[in-house]
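Q: here is my input; please provide its structure:
(chains A and B)
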Protein chains: 2
Amino acid sequence: MRKFLTYSVFFLLAGSLCSAQIQQSQQAPSPPPPEGTKPASTNIVGAEYPRIDSLRRAFFRVRAPEAQNVVVSLGNVAFTKGEDGFWTGVTAPLDPGFHYYTLKINGVDVTDPSSETFFGAGRLMSGIEVPEEGVDFYDIKKVPHGDIRNRIYFSKTTGTWRRLNIYVPAGYDKDKKNRYPVLYIQHGGGEDERGWAVQGKTDIILDNLIAEGKAQAMLVVIPNGNVSRPGMSGGGYNDEAMAVFREELFGSIIPFIESNYRVKPDAANRAIAGLSMGGGQAFYTGLRNTGNFANVGVFSTGLFGGIGRQSGTAFDPETIIPGILTNPGSFNNKLKVFYISVGEQDPRIEPTRKLIQTFRDKGLRVEFASFPGSHEWQVWRKSLNDFTQKLFK
Amino acid sequence: MRKFLTYSVFFLLAGSLCSAQIQQSQQAPSPPPPEGTKPASTNIVGAEYPRIDSLRRAFFRVRAPEAQNVVVSLGNVAFTKGEDGFWTGVTAPLDPGFHYYTLKINGVDVTDPSSETFFGAGRLMSGIEVPEEGVDFYDIKKVPHGDIRNRIYFSKTTGTWRRLNIYVPAGYDKDKKNRYPVLYIQHGGGEDERGWAVQGKTDIILDNLIAEGKAQAMLVVIPNGNVSRPGMSGGGYNDEAMAVFREELFGSIIPFIESNYRVKPDAANRAIAGLSMGGGQAFYTGLRNTGNFANVGVFSTGLFGGIGRQSGTAFDPETIIPGILTNPGSFNNKLKVFYISVGEQDPRIEPTRKLIQTFRDKGLRVEFASFPGSHEWQVWRKSLNDFTQKLFK
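A: As a prediction, the model looks like this:
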């Protein structure tokens, strides 16, 4: 905490900044924290709250002396005001994993000043990481580490410079010759290229899998899948949005990757996956282009329940992917891995199970996995961890 | 805007998320924006406000129907409530460049949901980019682009895994043999390794300079300079904090960089620089180790005015850097570039000018530059742009 005191000295001289009053919330003497609680790992450095206990409840303490009410979106728990101007509240036990949240202070949704921020729901949100007992596949370990590279590329589709992230595995820079397989992975609606890089912990998950020999060393390309042309109607994963995404991927992203990285440029060594909206993109783009992608992963997509389609258009797999039901053999021949996953408490599980059954009845080979949890990152981290172990073998 | 409508459909099914009510602020029909204004480039995708006009005034429009008052920290301008529940306000003309800001809603400092967030003042802040007429050195251009790599390394000092960013210039991956000079650059107090990577636009500035032949191709290492050991007293740039920073740099960061990147490992090809607190770190660590760094850049540090020293300890250059006043010739021999800069409206300019005069009176060679602006990123971007043109030649 002493670090913040020093910071505020610097900033007091800085006329254009405004930190002095903000830092007070860090400096106010705090009562001892509730026993058995620890600060969330998603907090900013030095922030003691929110804290989590062994029951996975989150304890909040927020300074807002002039507020009339403070509510956290995690179960809409209303906080209680103390005489010191701090509001405190405790959530019900939370599911393990990462959750977006906001505070509602006097009816206005805002981020928690104690939390790092994460791009989700189309804006920056607070986030809280709830540990899952016995689960460490996304913890940083003493293994060789790759990196996440933030690159600028030119999109022919949008006519603008855009940024994407790329996970590059340990050893790539040193071997200088080998070519690597590559996974293109998409975030969900309201997220962007930061999703898999930050919330998804792609680098840590792959570092661990590769070090343990459970996954092949691969590059993971993490683009911003929100692509639109001026005047475009729709969005999400209707046919037009999918066509624009496909154009961006094949016209700009893949050529950029293949001319700048030592990746293997054949379908067997290319995979596409995504979560939610991105799962729909992987389904559409992967299965319509099996000559380019022999590996397809679809996590938690609402597409199978008809979400994101033009109004009045139900989901029909054969319409979207001609031949998928009438000629499954050609897909079985071309696809090395076709993988679908969903959270066990996600309402999307019912249409997903139904589709899996339809596929299997028709003889289409598809792997299905479900994980505890709703429509959330813990399911997607586990999906990535599971899917990537099946690839490129 | 239609994109957000689609997002909210997806999120309505997601029990653990909370975006539906947030997205309303994006969806509400807006009055036509004030003439001659454009959305700030620091806004999240799709956000129409804040907007900036040709006088560099910022126009805000924030939905907070239940709030009693809304104030923006940029000049503490109070907003006016409209019947639609939106609060609007206009700042005085702002200095060009990047400014941190927050909104105070009913007395609580929060970020603006329409803005990207930036780590400054020890927390996530909103930020607004105000264009400077005729200045384009930090605009993305059609030139070869390097990248920013986010790496995990182990700190022997803190005993933890930490993250740093590295700018790697275009062409580095392809030439496979050449070694590059390297600049280690530090953020200010309350910031972290995101400062130079995001607010500072280091990648774009270096891409442009290198493409124009104005700067040598170099790597720029952007660590998190907030290093402390458990039980450490102080912080900022007192002697103990400086010793810990030095240990981190020499004991963990430089060995990590030199064993993982093709950099030239000699003083002539190593530079250290920083802003504010980081300028103090560069001054201390660079000038005390001229056998390791022949190039030192100090931007806008408060050190020369005594800020950040132990209480009661005035700034005396000879105490901090033995020989700097009594044996300037040895520094002139060892230093290829010794550069100091500061903003012309920064109160630090007076002690800085005084020190420059003292140095010059003693015969110490030092380059001095000042730029319009206060204690802010526009001065530091210009300092980086200026300093790196002098390096490694």
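Q: residue ranges with poor pLDDT in the stretch 201-350 of chain A?
A: Scanning the stretch 201-350 of chain A for pLDDT under 70 picks out A:233-236, A:308-312.
Q: my read is A:F118 is in a helix, agree?
A: No: read with DSSP: H, G, I helix; E, B strand; the rest coil, A:F118 is strand and lies in no helix.
Q: for it, name its beta-bridge partners.
A: Counting by DSSP bridges, A:F118 is bridged to A:M125.
Q: that one contacts A:M125, correct?
A: Yes: between A:F118 and A:M125 there is a contact at 5.5 Å, judged by CB atoms under 8 Å. Where you see a C-beta, it was placed from the backbone N, CA and C, and this is true even at glycine.
Q: anything in contact with each of these two?
A: A:Y100 (CB atoms under 8 Å, 6 or more residues apart in numbering or on different chains).
Q: ok, these two, which is more surrounded?
A: Per other CB atoms under 10 Å in any protein chain shown, whichever of A:F118 and A:M125 has more neighbours is A:M125, with 28 against 25.
Q: mind listing what the more buried one touches?
A: By CB under 8 Å, 6+ apart, the neighbours of A:M125 are A:100-102, A:111, A:117-119.
Q: tell me which residues of stretch A:171-189 come out buried.
A: Neighbour-count burial for stretch A:171-189, counted by 16 or more other CB atoms under 10 Å in any protein chain shown, picks out A:172-173, A:180-189.
Q: identify, from those, the entry nearest to A:P317.
A: A:Q186 (19.2 Å; CB to CB).
Q: just give me the neighbour total for A:Q389.
A: Close neighbours of A:Q389, defined as other CB under 10 Å, add up to 13.
Q: which of the helices or strands spans A:Q389?
A: helix A:377-390 (DSSP states H and E).
Q: and that helix, anywhere near chain B?
A: No: applying CB under 8 Å from any CB of the partner chain, one finds helix A:377-390 out of contact with chain B, separated by at least 9.7 Å.
Q: which other helices and strands does that helix contact?
A: Contact here means 3 or more CB pairs under 8 Å, 6 or more residues apart in numbering or on different chains; DSSP states H and E; on that basis helix A:377-390 packs against strand A:97-101, helix A:202-211, strand A:270-275, strand A:295-299, strand A:337-343, strand A:367-371.
Q: what angle do that helix and strand A:270-275 make?
A: Interaxial angle, helix A:377-390 versus strand A:270-275 (axes from the mean of the first three to the mean of the last three CA atoms, to 10 degrees): 160 degrees.
Q: helices of chain A, residue ranges please.
A: Per DSSP state H, chain A carries helices over the ranges A:2-12, A:19-27, A:172-175, A:194, A:202-211, A:239-248, A:254-260, A:277-287, A:317-320, A:328-334, A:349-362, A:377-390.
Q: quick one on the thing from earlier: which parts of the helix holding A:Q389 are buried?
A: Residues A:377-388, A:390 are the ones in helix A:377-390 that count as buried (16+ other CB under 10 Å).
Q: rewinding a little: tell me the most buried of the helices of chain A?
A: Across those, averaging neighbours per residue (mean count of other CB atoms under 10 Å in any protein chain shown) puts helix A:277-287 on top, at a mean of 28.
Q: closest to A:P50 out of the helices and strands packed on helix A:377-390?
A: Among the helices and strands packed on helix A:377-390, the nearest to A:P50 by CB to CB is strand A:97-101 (8.9 Å).
Q: does stretch A:44-54 reach chain B?
A: Yes: applying CB under 8 Å from any CB, one finds stretch A:44-54 touching chain B at A:44-47.
Q: tell me which residues in stretch A:209-227 are buried?
A: By 16+ other CB under 10 Å, the buried positions in stretch A:209-227 come out as A:209-211, A:215-227.
Q: hang on, the earlier thing: any idea which of the buried residues of stretch A:171-189 is closest to chain B?
A: A:G189 (4.2 Å; CB to the nearest CB).
Q: looking at it, that closest one is touching A:G274, isn't it?
A: No: using CB under 8 Å, A:G189 makes no contact with A:G274, being 10.6 Å away.
Q: circling back: redo the buried residues of stretch A:171-189 as CSV? Include pLDDT and distance to A:R360.
A: Shown next, in CSV, are these (pLDDT from 0 to 100; distance: CB to CB, whole Å):
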residue, pLDDT, distance to A:R360
A:Y172, 96, 38
A:D173, 94, 43
A:Y180, 98, 33
A:P181, 98, 27
A:V182, 98, 29
A:L183, 98, 25
A:Y184, 98, 26
A:I185, 98, 25
A:Q186, 98, 25
A:H187, 97, 29
A:G188, 96, 26
A:G189, 94, 28
